[in-house]
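*Asks:* how would this look folded up:
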Amino acid sequence: MKILGIIPARYASTRFPAKPLVDIAGKSMIQRVYEQVKKTSGIADVIVATDNDLIFDHVRKFGGEVCMTKENHVSGTDRCYEALSLQPGKYDYVINIQGDEPFIQPSQIELLASKLNGQTEIATLIKAIDNPTHLFNPNLVKVVVSKSGEALYFSRSTIPHIRNTPQEEWLSKHTFYKHIGMYAYRADILQQLTQIQVSSLERAESLEQLRWLENGFKIMVAETKEETVGIDTPDDLKHALNLITSHEL
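*Replies:* Residues are numbered from 1 along each chain as shown. The predicted structure is shown next:
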């Protein structure tokens, strides 16, 4: 399977403008993501897909591959499809790596790639929740998985609900999973995903993957044991810098 790694990097962000260019211990966030992906075996090529000249020039300056995409994409999935359509090579799959995960591990990307066999339509990562605070945090997306390893549903709420049990005991009664937002798409499926309309479930939870499920697409999951450190706000950046200082990253 020939896999293209795409890192969407949008300049505008309500909570953290110019986030891809922020300095993290001597390197920009987007450079750190790019270098982590380049370490991954099994990825044929890696490219940053951006909508901004500053990001474009910065990636070129550190020696990365980059392409310019439209500003009006509503999701990273749409940006990935445009980036794929601009590439001359033939790729079987695209892996969408979040541009705000500067410490993503190559082993996590390789785990996701291991699910790509030509039959898999979409794949993503999950991780078991072991922290009660995370379990009830609406900013962390939870996922319920079938016995065959497919995602059944994603929610910002805590799912499933453990009936007649105090919430402080829920983690002892069931294995809950959080979603790690890295996706792999079969190339033909990626095109189809950009053509379907926003669904009622997606509007309700503000999760685009619910549109895919509602339209009958199958999402395989792979369970990682490794934690990720996403940076959505300046406070998240402070946390990441503290982790670096304490040598936890």
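
*Asks:* and the longest strand for this structure?
*Replies:* Secondary structure of the chain per DSSP state E: the longest strand is strand 177-186.

*Asks:* Make sure Thr50 is actually in contact with Thr69.
*Replies:* Yes. Between Thr50 and Thr69 a contact is recorded at 6.7 Å, counting by C-beta atoms under 8 Å. C-betas here are computed from N, CA, C, even on glycine.

*Asks:* Could you chop this protein up by domain?
*Replies:* The chain breaks down into these structural domains: 1-104, 119-179+186-227 (assignment by automatic domain parsing).

*Asks:* which one of the ones you listed lies closest to Leu237?
*Replies:* Leu237 lies closest to domain 1-104 among the domains of the chain, at 6.3 Å (C-beta to C-beta).

*Asks:* what about the closest one, average pLDDT?
*Replies:* When pLDDT is averaged along domain 1-104, the result is 92.

*Asks:* I'd like the distance between the nearest residue to Pro17 once chain neighbours are set aside and Ile129.
*Replies:* Distance criterion C-beta to C-beta, 6 or more residues apart in numbering; nearest residue to Pro17, sequence neighbours excluded, is Tyr11 at 7.3 Å. Per C-beta to C-beta, to the nearest Å, Tyr11 is found 32 Å from Ile129.

*Asks:* Show me which of these two is the more surrounded one.
*Replies:* Legend: neighbour count by other C-beta atoms under 10 Å for Tyr11 and Ile129, higher for Ile129 (21 against 17).

*Asks:* Pretty sure that one sits against Lys178.
*Replies:* Yes. Using C-beta under 8 Å, Ile129 is in contact with Lys178, at 5.2 Å.

*Asks:* Overlap in contacts, these two.
*Replies:* 140, 142 (C-beta atoms under 8 Å, 6 or more residues apart in numbering).

*Asks:* List the buried residues for whichever helix in the chain runs longest?
*Replies:* Longest helix in the chain by number of residues, with DSSP state H as the criterion: helix 234-245. By neighbour count with 16 or more other C-beta atoms under 10 Å, helix 234-245 contains the buried residues 236-237, 240, 244.

*Asks:* Can you lay out these as a markdown table showing pLDDT and distance to Ala83?
*Replies:* Output for these, formatted as a markdown table (pLDDT from 0 to 100; distance: C-beta to C-beta, whole Å):
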| residue | pLDDT | distance to Ala83 |
| --- | --- | --- |
| Asp236 | 78 | 25 |
| Leu237 | 79 | 26 |
| Ala240 | 74 | 26 |
| Ile244 | 71 | 30 |
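
*Asks:* okay if I get the residues you listed as a markdown table plus distance to Lys39?
*Replies:* Shown next, in a markdown table, are the buried residues of helix 234-245 (distance: C-beta to C-beta, whole Å):
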| residue | distance to Lys39 |
| --- | --- |
| Asp236 | 23 |
| Leu237 | 23 |
| Ala240 | 19 |
| Ile244 | 18 |
